[in-house]
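*Asks:* Structure for this input, please:
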Amino acid sequence: MSNFIQGLILGFVYVMPIGTQNIFVINTALRQRRSRTLLTALIVFLFDISLAIACFFGVGAILQTATWLKLSILCLGSMIVIYIGFSIFVDKNTNIDSDTNVNIPITKVLTTAFVVTWLNPQALIDGSLMLGAFHASMPGYAGTLFISGVCIASFLWWFGMSSFVSLFKAKISSKTLRIINIVCGAVIMFYGAKLFVDFIKMLMPIIKN
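*Replies:* Next up is the predicted model:
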C-alpha cells in the first residue's frame with residue numbers, strides 16, 4: 001500500500017504544476033459550461049495516463065534486463081527529477097491568458113491534447129526518465145501499485161481541479177497558482193533526492209564486488 005500512496009503523491013505533485021494542459025483546462029473551466037469542462041478534463045486525463053503508463057512500463061521493462069542501464073537511468077533520472085522540481089519551484093509564469101480560445105470543437109481539443117502530450121519531446125523525456133527511474137526501484141507488483149497511484153492522482157486532479165475552478169471562478173488568482181508551483185516543486189525535488197539515494201544503494205554492492 002505504501003507504493004500506491006507514493007505513486008498517488010508523486011502523481012499529484014507532478015500533474016499539479018501550472019503548465020500547458022493545466023492552463024487550457026483552467027481557461028475552459030473559467031469560460032465554458034460544466035459539461036464541456038468535464039469533457040475536456042476527461043480527454044486530457046486519458047492522454048495523460050496513457051503517456052504515464054507507456055513511460056513507466058516501456059522503459060521499466062527494458063531496465064529489468066540491463067543492470068547498468070538501470071543504474072544509468074536511475075542516476076540520470078534523479079538529476080532530471082531534481083531539475084524539473086527546481087524549474088517548477090522558480091517558475092513565476094502562472095498568468096491565465098484570457099484570450100486563449102477554448103470555444104473549439106471536441107476534435108480540436110483531442111488533437112491539441114494529443115500533440116501537447118505525445119508529441120512534446122520534453123514531456124516524453126521527462127516522463128520516461130522520471131517514471132522509468134521509479135520502475136527501476138519498484139519491480140513487479142510494487143510497480144503496478146505505484147503506477148496505479150499515479151493514474152488515480154491524475155484522475156482526481158483533472159476532474160477535481162476543473163470542477164473546483166468552475167465552482168469558484170471568482171476566487172482563483174495568480175498568487176494561488178504560484179503557491180501550488182512552490183509546494184509541488186519542493187516535493188518533486190525531494191523525490192529526486194530519494195531516487196539518487198536508491199541509485200547509491202544499488203551501486204554500492206556492485207562496487208564492493
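
*Asks:* which of the residues in the longest helix along the chain are buried?
*Replies:* As assigned by DSSP state H, the longest helix anywhere in the chain is helix 174-208. Neighbour-count burial for helix 174-208, with 16 or more other C-beta atoms under 10 Å as criterion, is recorded at 177-178, 180-181, 184-185, 187-189, 191-192, 194-196, 198-199, 202. All C-beta atoms are positioned from the backbone trio N, CA, C, and that covers glycine.

*Asks:* same thing with stretch 134-142?
*Replies:* 134-138, 142.

*Asks:* In strands, which of the residues you listed fall?
*Replies:* Among the buried residues of stretch 134-142, no member falls in strands (DSSP state E).

*Asks:* quick one: residue 21 from residue 140, how far?
*Replies:* In this view, residue 21 and residue 140 are 31 Å apart by C-beta to C-beta, to the nearest Å.

*Asks:* go on, residue 111?
*Replies:* 37 Å.

*Asks:* Which strands or helices does the helix or strand containing residue 48 pack on?
*Replies:* Residue 48 belongs to helix 34-63 when assigned by DSSP states H and E. Packing partners of helix 34-63 (3 or more C-beta pairs under 8 Å, 6 or more residues apart in numbering; DSSP states H and E): helix 20-31, helix 67-90, helix 106-118, helix 121-137, helix 141-167.

*Asks:* packing partners for the last one?
*Replies:* The helices and strands touching helix 141-167, judged by 3+ C-beta pairs under 8 Å, 6+ apart, are helix 2-15, helix 20-31, helix 34-63, helix 121-137.

*Asks:* again, only using 6 Å
*Replies:* Packing contacts for helix 141-167, counted by 3 or more C-beta pairs under 6 Å, 6 or more residues apart in numbering; DSSP states H and E, involve helix 2-15, helix 20-31, helix 34-63.
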